[in-house]
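Peer 1: Here's my sequence, what's the structure:
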Amino acid sequence: MAERKPVLGPAPVHPELDQLLEQTRTIAVSEADLQEQRISFAYGNAPQASKITKESIRDASKSILMTR
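Peer 2: Predicted coordinates for the structure are as follows:
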């Protein structure tokens, strides 16, 4: 039987990406940005043949109470 190679090796080094990630850790996300992300997520996961629009999701999200 052939010897198998390990699937995961050491992670590649990307200093530019690491620097950008470090910078984004200090950025605060507004409640409005989070709401738009939720709307986009719901729209992206809606069936393609449905008549769901971003606007219909936005309207529905106003009547849904989000608790933490």
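Peer 1: Identify the single longest helix in the protein, thanks.
Peer 2: Longest helix in the chain by number of residues, with DSSP state H as the criterion: helix 31-44.
Peer 1: Pull out the buried positions in the helix or strand following that helix.
Peer 2: Remark: after helix 31-44, the chain's next helix or strand is helix 54-61, criterion DSSP states H and E. Neighbour counts over helix 54-61 (16 or more other CB atoms under 10 Å) mark I57 as buried. To be clear about C-beta, it is placed using only N, CA and C from the backbone, and glycine gets the same treatment.
Peer 1: how far off helix 31-44 does helix 54-61 point, in degrees?
Peer 2: 120 degrees (axes from the mean of the first three to the mean of the last three CA atoms, to 10 degrees).
Peer 1: mean confidence score for helix 54-61?
Peer 2: Average pLDDT, helix 54-61: 94.
Peer 1: List the contacts of that helix.
Peer 2: 35, 38-40, 42-43, 46 (CB atoms under 8 Å, 6 or more residues apart in numbering).
Peer 1: Could I have the CA atoms of it written out in CSV?
Peer 2: Below are the C-alpha coordinates for helix 54-61, written out as CSV (Å, rounded to 0.1, in the frame of the first residue of the first chain):
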residue,chain,number,x,y,z
LYS,A,54,-34.4,41.7,0.7
GLU,A,55,-37.1,44.2,1.3
SER,A,56,-39.6,41.6,2.4
ILE,A,57,-37.0,40.3,4.9
ARG,A,58,-36.3,43.8,6.0
ASP,A,59,-40.0,44.3,6.7
ALA,A,60,-40.3,41.0,8.5
SER,A,61,-37.2,41.7,10.6
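Peer 1: Tell me the buried residues in the longest helix of the chain?
Peer 2: Buried-residue list, helix 31-44, by 16+ other CB under 10 Å: 39, 42.
Peer 1: Which neighbouring elements make contact with that helix?
Peer 2: Judged by 3 or more CB pairs under 8 Å, 6 or more residues apart in numbering; DSSP states H and E, helix 31-44 is in contact with helix 54-61.
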